[in-house]
Each structure stands twice: as structure tokens, then as C-alpha cells.
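Enquirer: Dropping a prediction and its sequence here:
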Amino acid sequence: MSENTIKSKYISFFIERFVYSVAELEELENSEQRNMLMLNILEAFSYLLSDTEYLNIGDVIRTGNIINESYEVPQGLRRIGVTAGNKATFIPINPSKIPNELNMLFYQYYNMWNELDPFLREAMFNIKYMRIHPLEDGNKRSGKLIMASNMWKACIPPAIITKEDTDEYYNFLNNQDYDNFAEFLRQRSNLETNTLCGFYKTLKGLTLTEEVNSEEVKKLVLSK
């Protein structure tokens, strides 16, 4: 099996699991709505992965517009006050401050945090992004998509945050607990590395006990 075939199959395998982790599709009774939501998330993730330049406010807006396409949600950045969910103890910032705060966040990510441990960098970005809450709806989906695409482009298997992790995730957000969230992401990324290597062995016809170089597998599957 060719390297390109392995890569494409793993992308499909990962995206399917990732979509179900962020969308809670089983709660939607309408199958057409379920399918549309999945397609929207897949489109947004593909868009983020295809953007090799630095992300910016325009990418946040584009991602939000794609994932909210099936909902009656105003496009663009949030213009009204909102809550961050019943598990959040923080209040999202005033809508008038969103553009400046997002610009500052991207500046910090690319110019001030670029030498940090990559998991700490992603933890800081995601927590700050969620506390800004730039969209009227879809902030968790867009935040996790951006984080996953950033990790993917850095050849780091992205962490999947499941519904079972919701309480722990909101504890990180509420307490701005960057260090423990970074460790959580590291552990989940390690699990995804094991999944990736197991998937690779299966496609290559290897037994699960045979050794493979995980770094080489990550470069093969996650790189452009």
C-alpha cells in the first residue's frame, strides 16, 4: 500500500472520530441535519489544514461561517453578549473587544509563544480563545478544530477531547490552568500516536507486536 493511500485513509479515520467528539451527532434525530453538520465540520477542518500560512481573524470567521452554515446564526464575529455554557464560570469578553483580543492572541501564538513546549502553546491558545468566545455559536467546535489543525501541521498527533472529558476541560478553562491542560493534551496526543501506529501496522500487514518508528510514521501521515 502506497504512502499516500495510508495517509488518506488515516485522515478519514481521524476526522470521523474527531467529528463525533466535537459535534454530539447522536443528539440530532434528523439524519439530514446530522449529515450536514458532519460535512460542515469536515469542510472547516480541511480548510484549516490547507492553510499553511499563519492563521488570523479571517480564518476564525471563515471557520465559524462554515461550521454554523446549518444554523440560523449570524455570520462573522460575535456582536452580542453570550454565556460560555452552564459549566463555565467565566464571562466572555465584550463583543467590541473581540477583534483586538484575537489579534493579540495570534500575535502571542506566532511571535511570543513559538519557542514554548508545543502542548503548552496549544493549551494557552485554546483557553484564551474560549474565554474570548469570538462566535455566537460554535466556539468549542472552532477552537478544537484550530487546535487540532495546528498540531497536525506540526506533525503532532492531535488530542481528541471527548464528551466524557467535558468537566475536566471546563476546569482548565475556568481556572486558566495552562500547565495541567498542556499535560492533558500531551497524554491524549500520546494515545493518538499509539492509535496512529496501530493503524499503520494494520494497513502495512504487520502484527501489532512488531516495532515501527513512531516519529517516522508521524512524519509520513501528518506532514504535507
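Expert: Perfect, I can see it now.

Enquirer: Tell me where the longest helix sits in the chain.
Expert: Determined from DSSP state H, the single longest helix within the chain is helix 178-204.

Enquirer: A123 contacts R186, correct?
Expert: No. If you go by C-beta atoms under 8 Å, A123 and R186 don't touch, sitting 9.3 Å apart. Quick note: C-beta positions are derived from backbone N, CA and C, even for glycine.

Enquirer: quick one, which of the two is more surrounded?
Expert: Per other C-beta atoms under 10 Å, whichever of A123 and R186 has more neighbours is A123, with 26 against 18.

Enquirer: what angle sits between the helix or strand containing the more buried one and helix 178-204?
Expert: Assigned by DSSP states H and E, A123 belongs to helix 118-132. Helix 118-132 runs at 120 degrees relative to helix 178-204, counting by axes from the mean of the first three to the mean of the last three C-alpha atoms, to 10 degrees.

Enquirer: Could you list the alpha-carbon positions for helix 118-132 in CSV?
Expert: Taking Å, rounded to 0.1, in the frame of the first residue of the first chain, the C-alpha atoms of helix 118-132 are listed here in CSV:
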residue,chain,number,x,y,z
PRO,A,118,4.1,22.8,21.8
PHE,A,119,1.4,21.4,24.2
LEU,A,120,1.7,24.4,26.5
ARG,A,121,1.4,26.7,23.5
GLU,A,122,-1.8,25.0,22.3
ALA,A,123,-3.2,24.9,25.8
MET,A,124,-2.7,28.7,26.2
PHE,A,125,-4.2,29.4,22.8
ASN,A,126,-7.3,27.3,23.3
ILE,A,127,-8.0,28.6,26.8
LYS,A,128,-7.6,32.2,25.8
TYR,A,129,-9.7,31.6,22.6
MET,A,130,-12.5,30.1,24.6
ARG,A,131,-12.5,32.9,27.1
ILE,A,132,-12.7,35.4,24.2
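
Enquirer: And the next helix or strand past it?
Expert: helix 139-153.

Enquirer: can you pull out the helices in the chain?
Expert: Listed in chain order, the helices of the chain (DSSP H) span 3-23, 31-50, 57-67, 98-107, 118-132, 139-153, 166-175, 178-204, 214-222.

Enquirer: Export these to a markdown table and append columns for distance to V82 and mean pLDDT.
Expert: Shown next, in a markdown table, are the helices of the chain (distance: least, C-beta to C-beta, whole Å; pLDDT from 0 to 100):
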| stretch | distance to V82 | mean pLDDT |
| --- | --- | --- |
| helix 3-23 | 18 | 80 |
| helix 31-50 | 20 | 83 |
| helix 57-67 | 13 | 95 |
| helix 98-107 | 11 | 97 |
| helix 118-132 | 11 | 98 |
| helix 139-153 | 9 | 93 |
| helix 166-175 | 15 | 96 |
| helix 178-204 | 22 | 95 |
| helix 214-222 | 34 | 89 |
